[in-house]
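**Q** Show me the folded form of this:
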Amino acid sequence: MQRVILTTGGTGGHVFPALAVAASIQEKFPQCEILFLGGQGPEGDMVKRADITFKDLPAKGVMGGGLKRIFGSFWIFKALAYAIKEIVSFKPDVIIGFGGYAGFSPVLAGWMLGVPTAIHEQNSIPGISNRILGKVVKTVFASFEDTKGFFSPDKVDVVGNPVRKEIIDFASKAKERSILVFGGSQGAQAINDAIIEALPLLKLEDINMRHQTGKTDFERVKSEYKKATVNALAVSPFIYDMSAAYAEAQLVICRAGASTIFEIAAAGKPAIFIPYPHATHDHQTGNAQHLEKIGAAIVIPQNELTGKKLAQQILNLLCDDETLDKMAHQALKFARPEAAASIVNGLEVIIRMKKTGGLA
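**A** The predicted structure follows:
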């Protein structure tokens, strides 16, 4: 494997699995060149921080409407032309997309040019981009079993969701009565509001907090912590060292994107999930229910969320070491720490198929 294009964008939830696969490629093939094609969102900074070449392309989100909606958008033709230009110049052995609207054009362009292509579908219910791409790529790597038949069964390889190696490898004892709160890479106002309401109750029980608010809500949340005389130094707009943050927490309160639930599982942490109700096809609820069903998590729908209810759940769990231990054990059983390496192995297979005369 000499040259690979990875493509996705929009949120950290899409980008982090791609970076985990990039790290696995670099570990197995140190001389391999990696090009990351993404959108004009936060992925550029994330990828550059990982010291990977990044180029952006025009892209906009599309939900529903299928082929007509996508190809009725002007940006798709501009992005497709740009992707073709980059692929012809870079000459990749393989292209893999990790979902999101920014990853659509490069995978489609690669297929059009005869380059071996694959996608990774991280959620239990795929979005429109991956549903379309699933018809043309050679392999669909999936986090969950495709029980509803969105993809051709002979293409699906269930590998789990790739998790950053530092989260898998980081090991330290959690702080007593400690929680980690976050709403994804961009924050979640509903979770922030519930925690603010819960602060007086959590303070009474001397709960240690670490809270990622998202950039737009940071100043407001920090101010509320100060008003409640709770340590505001524990509040930040973004946590870069998530491995340490997971390790220090006894319990995690967060959304339920696929990257999040697989990271929590890999870290062996009990969780309270508050799925984002407006996610495409409500996939976060489906994601969260996988861990709830095996006893690794509790799910609170956002329309039932209050500060009091959240505080009660937090305090009940932190006072019950036996339940926390059982939840942590079930989380680790769900984890797929080998997911990134499995994807790299799968990419090798479709490259070999191309070289030996198989279809890309």
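**Q** List the contacts of the closest residue to Lys91 other than its chain neighbours.
**A** Computed as Cβ to Cβ, 6 or more residues apart in numbering, the closest residue to Lys91 that is not its neighbour in sequence is Arg3, at 6.2 Å. Bear in mind the C-beta positions are built from the backbone N, C-alpha and C, glycine included. Residues near Arg3 by Cβ atoms under 8 Å, 6 or more residues apart in numbering: 32-35, 90-93.
**Q** any idea how far Arg3 is from Lys354?
**A** Using Cβ to Cβ, to the nearest Å, one gets 13 Å for the distance from Arg3 to Lys354.
**Q** do the same with Ile119
**A** Here the criterion is Cβ to Cβ. By it, Ile119 lies 17 Å from Lys354.
**Q** what's the answer for Val235, then?
**A** 50 Å.
**Q** which of the two has more neighbours?
**A** Comparing Val235 with Lys354 by other Cβ atoms under 10 Å, the one with more neighbours is Val235, at 24 against 16.
**Q** Surely the more buried one and Glu219 touch.
**A** No. Using Cβ atoms under 8 Å, Val235 makes no contact with Glu219, being 9.7 Å away.
**Q** coming back round to it: name whatever forms a beta bridge with the residue nearest to Lys91.
**A** Per DSSP bridges, residues listed as beta-bridge partners of Arg3: Glu33.
**Q** Give me the local confidence score for it.
**A** Note for Arg3: predicted pLDDT of 98.
**Q** cool, and the one 5 residues further on?
**A** Listed pLDDT for Thr8 reads 90.
**Q** residue ranges for the helices of the stretch 151-300 of the chain, please.
**A** Secondary structure of the stretch 151-300 of the chain (DSSP state H, counting those that start in this stretch): helices at 165-169, 189-204, 218-227, 242-248, 258-267, 283-293.
**Q** Single out the most deeply packed of the ones you listed.
**A** helix 258-267 (a mean of 27; mean count of other Cβ atoms under 10 Å).
**Q** now for that helix, which elements pack on it?
**A** helix 12-28, helix 165-169, helix 242-248, strand 251-254, strand 271-273, helix 283-293, helix 321-334 (3 or more Cβ pairs under 8 Å, 6 or more residues apart in numbering; DSSP states H and E).
**Q** Show the average pLDDT along it.
**A** 94.
**Q** if I pick Gln212, what's in contact with it?
**A** 181-183, 187, 236-239, 245.
**Q** Val137 versus the residue nearest to Lys91, what's the distance?
**A** 18 Å.
**Q** same question, Met327
**A** Met327 sits at a distance of 36 Å from Val137 (criterion: Cβ to Cβ).
**Q** on that earlier part again, and which of the contacts of Arg3 is nearest Ala271?
**A** Nearest to Ala271 out of these is Ile34 (Cβ to Cβ; 31.6 Å).
**Q** does Asp157 really touch Phe141, like I thought?
**A** Yes. Counting by Cβ under 8 Å, Asp157 touches Phe141, with 5.3 Å between them.
**Q** That's all I had, so thanks and see you.
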